[in-house]
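**Q** Dropping the sequence and predicted coords here.
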Amino acid sequence: MLALTTIAQTAIFLIAILGGANAPAQTVGGRSVTTASAALPNLGDGTDMTPSAERRLGDRIARELYRDPDYLDDPVLMEYIQGIWQPLLAAARQRGDLTPELDETYAWEIILGRDRTVNAFALPGAYFGLHLGLVGVVTSRDELASVMAHELSHVTQRHIARMMTRQSQQAPWLLGAMILGVLAAGKSPNAANAMIVGGQAVGAQSQLNFSRDMEREADRVGFGVSTQAGFAQQGFVSMFAKLQQASRLNDAGNFPYLRSHPLSTERMSDMQSRIDLPTGDTPPRPDARQNAQETDQAMMAARARVLSNATVDALRTWSQEVEPALLRRLTPPQQAAALYGATLAAIKLRDHAQAQTQWKRLTDSVRKDAAAARVARLLGVELMLATGDNQQAIQLLQAGDAAAGKASRAELFFAAQAQLALGASTALTATTQSLQTWVADHPRDAQAWQLLSSAYAAQGRTLSSIRAQAEINVAQLDYPAALSRFKTAQEWARKEGAGTDHYEASIVDTRTRQVESLVREQALER
């Protein structure tokens with residue numbers, strides 16, 4: 001996604017795991033080591049920008065990213081990513097890095113971009129950009145956790161706010177406007193002249209780079225967070241090694257990290273020394289996963305690669321990778337990944353016969369691995385939905401429910417799609433109730449509101465459907481559009497008169513007033 005890449009490279013809220021040189025090692029017991037507590041103080045706050053102000057700036061930027069056509073909310077991938085992200089957040093809370101104030105005020109949301117470049121970055125207010133290219137290149141959860149922990153630590157230590165305070169002559173809202181200008185320039189180079197004045201974006205880039213101390217702190221705090229969350233310590237080192245190898249090559253723009261912050265040998269040595277000699281900051285974790293590729297993780301990486309490059313030619317190459325002679329040369333996780341990618345690619349090409357063949361090979365190969373078998377089953381559900389066999393899709397989902405005991409977000413959404421296609425009233429009622437429960441706990445889930453709107457419409461509940469459409473806009477921070485939909489709902493309720501659902505109409509009136517207040521706040525910020 002060009003927009004996300006451009007923000008990360010040019011607007012400086014890039015927080016890669018590639019930073020400046022490391023601090024000198026400390027000596028402990030005659031041995032050279034580096035720890036967060038010994039090598040660096042907590043750079044922490046020291047900022048004039050309040051968390052609320054930073055969140056408002058982040059909301060403004062995130063609103064534009066949600067509108068980008070390459071923004072992606074894939075329920076299967078997001079479930080995998082959240083399985084890494086949530087333990088990291090929990091570990092940061094346990095360690096005291098994530099304070100209650102920041103936990104409550106910031107968004108802590110992942111924004112997934114359909115971009116083949118290897119990149120991740122943080123935005124003000126704890127929005128985090130993650131490219132599919134990064135998800136597709138890691139070979140373990142531990143490697144992805146190392147990147148995400150580093151990003152998380154930049155935010156918990158309030159590095160973005162510190163940079164803005166340091167450059168106080170640059171008003172925060174001007175910085176936000178510059179970021180959005182760069183975003184527009186990524187789509188249309190001519191837009192740059194209209195939205196970025198006097199080369200300010202270039203000036204911001206030179207002024208707002210994270211300091212070396214901030215990079216070191218994010219490395220070390222992130223290392224402790226990742227370890228506390230149960231991820232293998234080796235993930236940091238193997239990810240560094242992967243990026244260092246790429247830095248020796250002409251990466252043709254595929255590794256934006258490497259152009260922003262050249263990878264230093266000292267950083268790898270620092271992380272390696274911390275593995276060799278655990279300290280109080282990085283307690284040994286006997287339950288930590290080994291830094292080896294798990295089959296379900298390899299399948300998720302394949303999914304990311306398919307979704308990041310959905311051109312016809314790219315999709316067709318997947319069928320070549322599962323030829324028996326080639327497949328035999330791969331490890332079992334790599335074989336499962338190739339079969340998964342070939343199945344998903346065939347679905348995207350609407351070659352359902354080929355998809356059925358490859359899916360059958362996949363399910364046979366992962367039958368003894370419960371986690372991988374579940375991932376394969378979800379892919380089978382997608383295949384059934386694509387072929388219109390909605391009843392079979394539901395049966396596959398029910399088999400998964402029986403095994404897991406509770407439906408995940410992906411399973412809930414796939415079930416809703418199947419039930420909507422079938423149109424059975426009893427099943428639709430149950431689906432609607434499940435989605436209502438979900439949005440009550442996850443009010444910022446735009447895709448859930450979209451499905452709920454469709455379910456309401458299928459039941460003839462027009463007022464509820466319009467309100468759900470408005471909530472989609474609220475979830476994506478587009479308050480003017482949300483207000484327009486709420487007013488449409490109010491008008492519908494007035495026309496219906498005595499026949500309207502008065503409880504629903506009351507909710508619409510309350511939400512309208514709340515969103516009107518948000519629209520006024522946005523207007524004052526301009």
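**A** Right, received. Where do you want to start? Numbers count the residues shown, from 1 in each chain.
**Q** Which of the helices or strands spans L385?
**A** In this assignment (DSSP states H and E), L385 forms part of helix 370-387.
**Q** Return the distance of that helix from the chain's centre.
**A** 22 Å (Cα atoms, centre = their mean, to the nearest Å).
**Q** now do stretch 360-373
**A** 26 Å.
**Q** what do you get for stretch 472-486?
**A** Between the centre of stretch 472-486 and the centre of its chain there are 22 Å (Cα atoms, centre = their mean).
**Q** before we move on, what about stretch 379-392?
**A** 26 Å.
**Q** send the alpha carbons of it over as CSV?
**A** Backbone C-alpha positions of stretch 379-392 (Å, rounded to 0.1, in the frame of the first residue of the first chain) are rendered in CSV as follows:
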residue,chain,number,x,y,z
LEU,A,379,-9.9,-21.8,4.3
GLY,A,380,-12.3,-24.5,3.3
VAL,A,381,-15.2,-22.3,4.6
GLU,A,382,-14.0,-19.5,2.3
LEU,A,383,-13.9,-22.0,-0.6
MET,A,384,-17.5,-23.1,0.2
LEU,A,385,-18.7,-19.5,0.4
ALA,A,386,-17.0,-18.8,-2.9
THR,A,387,-18.7,-21.7,-4.6
GLY,A,388,-22.1,-20.9,-3.1
ASP,A,389,-22.2,-24.0,-1.0
ASN,A,390,-23.3,-22.1,2.1
GLN,A,391,-24.7,-25.2,3.9
GLN,A,392,-21.4,-27.0,3.7
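**Q** From the rest of the structure, what touches that stretch?
**A** 340, 343-344, 347, 350, 352, 355-356, 359, 362-363, 393, 396-397, 411, 414, 417-419, 421-422 (Cβ atoms under 8 Å, 6 or more residues apart in numbering). Heads up, the C-betas are built off the backbone N, CA and C, glycines and all.
**Q** do that again at 10 Å, thanks
**A** 76, 299, 303, 339-340, 343-344, 346-348, 350, 352-353, 355-356, 358-360, 362-363, 393-397, 399-400, 410-411, 414-415, 417-424 (Cβ atoms under 10 Å, 6 or more residues apart in numbering).
**Q** Counting neighbours, which bits of that stretch end up buried?
**A** Using 16 or more other Cβ atoms under 10 Å as the test for burial, stretch 379-392 gives L379, G380, V381, E382, L383, M384, L385, T387, D389, N390, Q392.
**Q** same thing with stretch 328-346?
**A** Here stretch 328-346 shows 330, 333-346 as buried, counting by 16+ other Cβ under 10 Å.
**Q** so where is the chain shaky, pLDDT-wise?
**A** Counting by pLDDT under 70, the chain shows low-confidence ranges at 1-47, 166-212, 245-267, 276-293, 401-405, 526.
**Q** Strands of that one, start to end?
**A** Along the chain, counting by DSSP state E, strands occupy 26-28, 31-33, 71-72, 109-113, 120-123, 127-131.
**Q** Can I get these in a markdown table including distance to D48 and mean neighbour count?
**A** Formatted as a markdown table, those follow (distance: least, Cβ to Cβ, whole Å; neighbours: other Cβ atoms under 10 Å):
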| stretch | distance to D48 | mean neighbour count |
| --- | --- | --- |
| strand 26-28 | 32 | 12 |
| strand 31-33 | 35 | 14 |
| strand 71-72 | 32 | 19 |
| strand 109-113 | 25 | 21 |
| strand 120-123 | 19 | 27 |
| strand 127-131 | 21 | 25 |
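**Q** For these, give me TSV that also has distance to A62.
**A** Converted to TSV, the strands of the chain look like this (distance: least, Cβ to Cβ, whole Å):
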stretch	distance to A62
strand 26-28	39
strand 31-33	39
strand 71-72	10
strand 109-113	7
strand 120-123	7
strand 127-131	5
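**Q** circling back to that earlier point, are any of the contacts of stretch 379-392 buried, and if so which?
**A** Buried subset of the contacts of stretch 379-392 (neighbour count, 16+ other Cβ under 10 Å): 76, 299, 303, 339-340, 343-344, 346-348, 352, 355-356, 358-359, 362-363, 393-394, 396-397, 400, 410-411, 414-415, 417-420.
**Q** Which of those fall in helices?
**A** 76, 299, 303, 339-340, 343-344, 346-348, 352, 355-356, 358-359, 362-363, 393-394, 396-397, 400, 410-411, 414-415, 417-420 (DSSP state H).
**Q** For K242, find the nearest of the strands of the chain.
**A** strand 120-123 (13.7 Å; Cβ to Cβ).
**Q** Relative to that closest one, what are the paired strands and their orientations?
**A** strand 127-131 (antiparallel) (DSSP bridges).
**Q** now the angle from the strand it pairs with to strand 109-113?
**A** Relative orientation of strand 127-131 and strand 109-113, computed by axes from the mean of the first three to the mean of the last three Cα atoms, to 10 degrees: 30 degrees.
**Q** Need the CA coordinates for strand 127-131. CSV is fine.
**A** The C-alpha atoms that make up strand 127-131 are tabulated as CSV, following Å, rounded to 0.1, in the frame of the first residue of the first chain:
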residue,chain,number,x,y,z
TYR,A,127,-2.3,3.3,15.9
PHE,A,128,0.1,0.8,14.4
GLY,A,129,0.6,0.2,10.7
LEU,A,130,1.6,-3.3,9.6
HIS,A,131,2.3,-4.3,6.0
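**Q** chain center to that strand: distance?
**A** On the basis of Cα atoms, centre = their mean, strand 127-131 sits 5 Å off its chain's mean C-alpha point.
**Q** Dead centre of this protein: give me the residue that sits there.
**A** Residue closest to the average C-alpha location in the chain (Cα atoms, centre = their mean): I110, at 3.2 Å.
**Q** Run through the residues that contact that one.
**A** Neighbours of I110 in contact, by Cβ under 10 Å, 6+ apart: 73, 77-78, 81-82, 84-85, 120, 127-130, 148, 151.
**Q** Just give the nearest non-adjacent residue to I84, would you?
**A** Closest residue to I84 in three dimensions, ignoring its sequence neighbours and counting by Cβ to Cβ, 6 or more residues apart in numbering: A145, at 5.1 Å.
**Q** hang on, I meant G58
**A** Distances taken as Cβ to Cβ, 6+ apart place G125 nearest to G58, at 2.5 Å, with adjacent residues excluded.
**Q** Please apply the same query to I81.
**A** Residue nearest to I81 in three dimensions, not counting chain neighbours: I110, with 5.9 Å by Cβ to Cβ, 6+ apart.
**Q** From A523, how far off is the residue nearest to L144 when sequence neighbours are not counted?
**A** Leaving aside its chain neighbours, L144 sits nearest to V138 (4.6 Å; criterion: Cβ to Cβ, 6+ apart). For V138, the distance to A523 equals 42 Å [Cβ to Cβ, to the nearest Å].
**Q** The two: who's more crowded?
**A** V138 (24 against 10; other Cβ atoms under 10 Å).
**Q** top helix in this protein by residue count?
**A** Looking across the chain with DSSP H, the single longest helix is helix 502-525.
**Q** Please state the offset of it from the chain centre?
**A** Put simply, helix 502-525 sits 28 Å off its chain's centre (Cα atoms, centre = their mean).
**Q** Next, the buried residues of it.
**A** Here helix 502-525 shows E504, A505, I507, V508, R511, T512, V515, L518, Q522 as buried, counting by 16+ other Cβ under 10 Å.
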